[in-house]
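In: the amino acid sequence is not available; the structure is as follows:
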């Protein structure tokens with residue numbers, strides 16, 4: 001009987017062991033698969049296009065940010081306040097304004113590498129239109145006028161516009177940024 005008890009105990013322990021291993025397998029199989037899938041994905045070579053996109057995205061965002069600052073800085077409402085000098089002549093103010101706009105543009109010209117061609121064309125046209133507006137406003141004033149007269153004429157021209165081109169340009173830039181995401 002000793003042998004029979006021994007075989008019964010071995011069979012009971014073996015059955016218990018098999019049930020324990022089977023239960024453990026079914027409990028951990030999903031975690032094991034998830035772990036192995038993660039390792040498989042990490043082992044795959046990365047997509048060069050995706051890596052390039054991830055590297056260039058911060059540069060593109062910075063370029064759009066700089067263009068927003070540029071548009072804000074050449075907006076006559078902000079530009080005239082920033083460069084205002086008491087007692088400056090029309091010719092002096094015109095020169096300061098034109099130099100400031102050109103300088104801001106030159107400072108940001110490299111941003112065209114990272115923004116859409118349409119956006120860059122609009123920004124460049126806005127710069128050219130701003131230069132023309134300043135020159136035309138100065139041309140319509142007597143040479144001995146004060147700079148404040150030029151400021152007044154430019155701001156009056158801005159209020160006569162039905163759509164503010166600076167706001168429209170900012171809207172276009174923001175739409176382009178939203179296309180990145």
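Out: Here it is on my side, so go on. From a predicted model like this one, the values you see are computed outputs, not experimental measurements.
In: and the pLDDT for residue 85?
Out: We have a pLDDT of 89 for residue 85.
In: repeat for residue 31
Out: For residue 31, the model assigns a pLDDT of 71.
In: quick check: which element contains it?
Out: If you go by DSSP states H and E, residue 31 is part of helix 2-43.
In: give me the distance from the helix or strand following that helix to the chain's centre.
Out: Tracing the chain past helix 2-43, the next element assigned as helix or strand by DSSP H and E is helix 48-74. The chain centre lies 5 Å from the centre of helix 48-74; the measure is CA atoms, centre = their mean, to the nearest Å.
In: please apply the same query to stretch 77-97.
Out: The answer for stretch 77-97 is 32 Å, by CA atoms, centre = their mean.
In: quick one: residues in contact with that stretch.
Out: 72-73, 100-101, 134-135, 138, 141-147, 149-151, 154-155, 158 (CB atoms under 8 Å, 6 or more residues apart in numbering). Every C-beta, even on glycine, is put in place using the N, C-alpha and C of the backbone.
In: buried ones in that stretch, by neighbour count?
Out: Buried positions in stretch 77-97, judged by neighbour count with 16 or more other CB atoms under 10 Å: 79, 80, 88, 89, 90, 93, 94, 96, 97.
In: could I get the residues you listed as TSV with pLDDT and distance to residue 21?
Out: Output for those, formatted as TSV (pLDDT from 0 to 100; distance: CB to CB, whole Å):
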residue	pLDDT	distance to residue 21
79	95	78
80	93	82
88	93	90
89	93	95
90	94	94
93	95	88
94	95	89
96	96	85
97	97	83
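In: and of those, the nearest to residue 114?
Out: For the buried residues of stretch 77-97, the residue nearest residue 114 by CB to CB is residue 79; the value is 24.5 Å.
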